[in-house]
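1. task: produce atomic coordinates for the following.
(4 chains)
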There are 2 protein chains.
Amino acid sequence: MTEAHQGGERGDDIHRIVEAILYLYTESRRVTKQAARHMGLTGPQVSALKVLEAVGDLSLSELSFRMSARNSTITGIVDRMERDGLVVRERSSSDRRVVMIRATEHGKEIARGVPLTSLELFAGALRALHVEDRSALRRILRDLAEHVRAEVEEHEREAPADGDAPP
Amino acid sequence: MTEAHQGGERGDDIHRIVEAILYLYTESRRVTKQAARHMGLTGPQVSALKVLEAVGDLSLSELSFRMSARNSTITGIVDRMERDGLVVRERSSSDRRVVMIRATEHGKEIARGVPLTSLELFAGALRALHVEDRSALRRILRDLAEHVRAEVEEHEREAPADGDAPP
DNA sequence: CTCCGATGTTTCGCACACTGAATATCAGGG
DNA sequence: CCCTGATATTCAGTGTGCGAAACATCGGAG
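-> Residues are numbered from 1 along each chain as shown, chains lettered A, B, ... in the order given. Have a look, this model is predicted:
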């Protein structure tokens, strides 16, 4: 994946940077998944627990929005997590249609335990960098993320994400 | 994902850097997936086509190694891609056990078309950075990747990934 | 040459994730 | 009250992913 990118002098830096980011995230995901397996969880389950841990109880719709998935998908995931005692469903008293998803103590405990291995991987490597490199990296990535965010918004405006399905 | 990380002064830089990388890759994956859907492809299929496009024909084992998946998984993916005319299987003449996977012209065309939206997203943002920031980023990320690679190797040595199953 | 272990691929059974199309239930306005 | 829209679930279908086992082939030992 290093050469063979027609022409390829101009975008050399860019190409290598993208490559490095892809590698770093792929590796992180692999390790997370493996760590999750050790505790009997799957990727989306860890993700759901982390969201619940961070922002508190959520309705199923809110949870699916935060996880960028459909309600029917999240229903299945919550089913399995409820089966395994990680979360509980509670019908809202104010609006009896909505179901609040709440992480159990067991679920929270696991959520706190799992992702550390993945973050520790980065943390260890980042600690090995010089201090000035760290702050430079932080600044550059922040700028980068901002540019990407802007481009994404513009991109979305042109090509909406199949949100409507008229009958 | 910004607060709620017990204590959290020491690893501030680190935390934010990890956050940025996660954001960048998540965003890239989301956009890629969406673009892939538009052309009737899935994520792994795009990934496979990109690998084949980059390094040429590969055996099924080599392809599964590069995609970090098992042979049986890749068999299924290649099945569907062959069904859709994106790749062809060719038995090697030197070793009749191995099956070479080759992207068809149609497959290559689609591979060239799809990922651009995702890479362009990064490329555009990266071009907006100063030149010295780009080379600094490149150098830092390379160092970082190397550290992570080393840690992963060490980590694997302690906790092997269920690879052996003695009879 | 024949047998036997190693290697490459596929098949099979299983579980999860994900989607879109119904469906049941509830909230609120006319 | 009835209609509309929102919320959650169910269902059928596809894709992904794994491990165990079957299968073909290769390579070397005897």
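2. got the residues of chain A near DNA strand D?
-> A:59-61, A:71-72, A:75-76, A:78-79, A:89, A:95, A:97-99 (CB under 7 Å from any atom of the strand). For glycine as for every other residue, the C-beta is placed from the backbone atoms N, C-alpha and C.
3. what's the most distant pair in those?
-> A:76 and A:95 (22.7 Å; CB to CB).
4. who has more neighbours, the two?
-> Neighbour tally, residue A:76 and residue A:95, criterion other CB atoms under 10 Å in any protein chain shown: the higher count belongs to residue A:76, 11 against 8.
5. report all helices and strands that the helix or strand containing the more buried one contacts.
-> According to DSSP states H and E, residue A:76 maps onto helix A:71-83. Helix A:71-83 sits against helix A:43-55, helix A:60-66, strand A:87-91, with contacts defined as 3 or more CB pairs under 8 Å, 6 or more residues apart in numbering or on different chains; DSSP states H and E.
6. switch to 10 Å and redo it
-> The helices and strands touching helix A:71-83, judged by 3 or more CB pairs under 10 Å, 6 or more residues apart in numbering or on different chains; DSSP states H and E, are helix A:43-55, helix A:60-66, strand A:87-91, strand A:99-103.
7. that one close to DNA strand C?
-> Yes - for helix A:71-83, a contact with DNA strand C is found by CB under 7 Å from any atom of the strand, at A:72, A:73, A:76, A:77, A:80.
8. if any of those are buried, give me the ChimeraX selection for them.
-> Selection of the buried residues among the residues of helix A:71-83 next to DNA strand C in ChimeraX, burial being defined by 16 or more other CB atoms under 10 Å in any protein chain shown:
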select /A:77
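9. now render the residues of helix A:71-83 next to DNA strand C as CSV, adding pLDDT and distance to residue A:104.
-> Output for those, formatted as CSV (pLDDT from 0 to 100; distance: CB to CB, whole Å):
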residue, pLDDT, distance to residue A:104
A:72, 95, 23
A:73, 95, 21
A:76, 96, 19
A:77, 96, 15
A:80, 96, 14
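10. follow-up on the earlier one: next, the angle from the helix holding residue A:76 to strand A:87-91.
-> If you take axes from the mean of the first three to the mean of the last three CA atoms, to 10 degrees, helix A:71-83 sits at 120 degrees to strand A:87-91.
11. quick one: helix A:71-83 to helix A:43-55, angle?
-> If you take the same axes, to 10 degrees, helix A:71-83 sits at 80 degrees to helix A:43-55.
12. what residues does helix A:71-83 touch?
-> Taking contacts as CB atoms under 10 Å, 6 or more residues apart in numbering or on different chains, the residues outside helix A:71-83 that touch it are A:41-42, A:44-45, A:47-49, A:52, A:60-67, A:69, A:86-89, A:99, A:101, A:103-104, A:107.
13. filter these to the buried ones?
-> Using 16+ other CB under 10 Å, the buried ones in the contacts of helix A:71-83 are A:41, A:44-45, A:47-49, A:52, A:60, A:62-64, A:66-67, A:69, A:86-87, A:99, A:101, A:103-104, A:107.
14. after the helix or strand hosting residue A:124, next one along is what?
-> Per DSSP H and E: residue A:124 is located in helix A:115-127. Later in the chain than helix A:115-127, the nearest helix or strand by DSSP H and E is helix A:131-158.
15. tell me the mean pLDDT over that next one?
-> Across helix A:131-158, pLDDT averages out at 74.
16. are it and chain B in contact anywhere?
-> Yes - contact between helix A:131-158 and chain B, assessed by CB under 10 Å from any CB of the partner chain, occurs at A:131-152, A:155-156.
17. can you list the buried residues in that helix?
-> Buried residues in helix A:131-158, defined by neighbour count with 16+ other CB under 10 Å: A:133-134, A:136-138, A:140-141, A:143-145, A:147-148, A:151-152, A:155.
18. quick one: low-confidence parts of chain A?
-> Where chain A drops to pLDDT under 70, the residues are A:1-37, A:114-123, A:151-167.
19. closest to DNA strand D out of the residues of helix A:71-83 next to DNA strand C?
-> Distance ranking of the residues of helix A:71-83 next to DNA strand C against DNA strand D, using CB to the nearest atom of the strand, places residue A:72 first at 3.2 Å.
20. is the closest residue to residue A:60 other than its chain neighbours bridged to anything, and to what?
-> Spatially, and ignoring its direct neighbours in sequence, residue A:60 is nearest to residue A:99 (5.2 Å; CB to CB, 6 or more residues apart in numbering or on different chains). For residue A:99, the beta-bridge partners are residue A:91 (DSSP bridges).
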